[in-house]
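In: From the sequence below, what's the structure:
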Amino acid sequence: MFVLAELEDTVKIVPNDFGKNDNDAVTDALNVKYANKVVQEVGLCICVHDILSTSEGFILYGDGCSYIKATFRLTVFRPFVGEVLTGRIKSCSPNGVKVTMGFFDDIHIPGATLQPGSEFDPAEQVWVWNYDGEKLYMDIDEPIRFRVLREIFTDTTPTLHPTGGGGGSSGRRHSVADLSASNDLVANSIKIPPYALTCTIQEDGLGLLSWWGS
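Out: Residues are numbered from 1 along each chain as shown. Predicted structure coming up:
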């Protein structure tokens, strides 16, 4: 569920942080930039795990800030396909069930990947599993166990139109954290998360924990 990802970035240290040692200053700056942000093809960044190396700091003329190139490792939420996780039901709709893990909400279980015999109850606004003549309701906030079918990364970085150069398409962007404020506005306006999981409960042992006595 959690992995370590190695990245490299140039960090800006403001004068107020010059009293810190380089490692602490770099760690704090990186956490501000990456924590709770999605890096494309990497996952949801939680926090800096450690700093592997740093360069000498350099100061730009007229700026006053120090810039340090750092190689570091991030603790990242990125379950592997096939992994079984546990969360809670956040909402239900005719399209399926949305699950939250508290810190990550973009988990979708489509109606087609629910237990066979499941149907959506429009009156209760929940899914119901019809099992041996019983109606097992998938109520909001119930603990649920599910398996990851696939992950979806969507680049929500705004399209830029430079006046010259820089328009090459070689490789992915290093991080969406670089334009986090703009990205959040775009993502919220079109309702497409930068990272999402599609999951299933269509096998024994998966679904509400109460169904299986665990």
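In: the longest helix in the chain is where?
Out: Secondary structure of the chain per DSSP state H: the longest helix is helix 22-34.
In: which other helices and strands contact that helix?
Out: strand 2-13, strand 43-54, strand 66-77 (3 or more CB pairs under 8 Å, 6 or more residues apart in numbering; DSSP states H and E). Every residue, glycine included, has its C-beta placed from N, CA and C.
In: now these in TSV, with mean pLDDT and distance to Trp211?
Out: Below are the helices and strands packed on helix 22-34 laid out as TSV (pLDDT from 0 to 100; distance: least, CB to CB, whole Å):
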stretch	mean pLDDT	distance to Trp211
strand 2-13	96	27
strand 43-54	96	29
strand 66-77	96	26
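In: In a markdown table, list the ones you listed along with distance to Arg145 and mean neighbour count.
Out: Below are the helices and strands packed on helix 22-34 laid out as a markdown table (distance: least, CB to CB, whole Å; neighbours: other CB atoms under 10 Å):
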| stretch | distance to Arg145 | mean neighbour count |
| --- | --- | --- |
| strand 2-13 | 18 | 15 |
| strand 43-54 | 20 | 17 |
| strand 66-77 | 17 | 18 |
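In: before we move on, the earlier item: next, the buried residues of the longest helix of the chain.
Out: Neighbour-count burial for helix 22-34, counted by 16 or more other CB atoms under 10 Å, picks out Asp22, Ala25, Val26, Thr27, Ala29, Leu30, Lys33, Tyr34.
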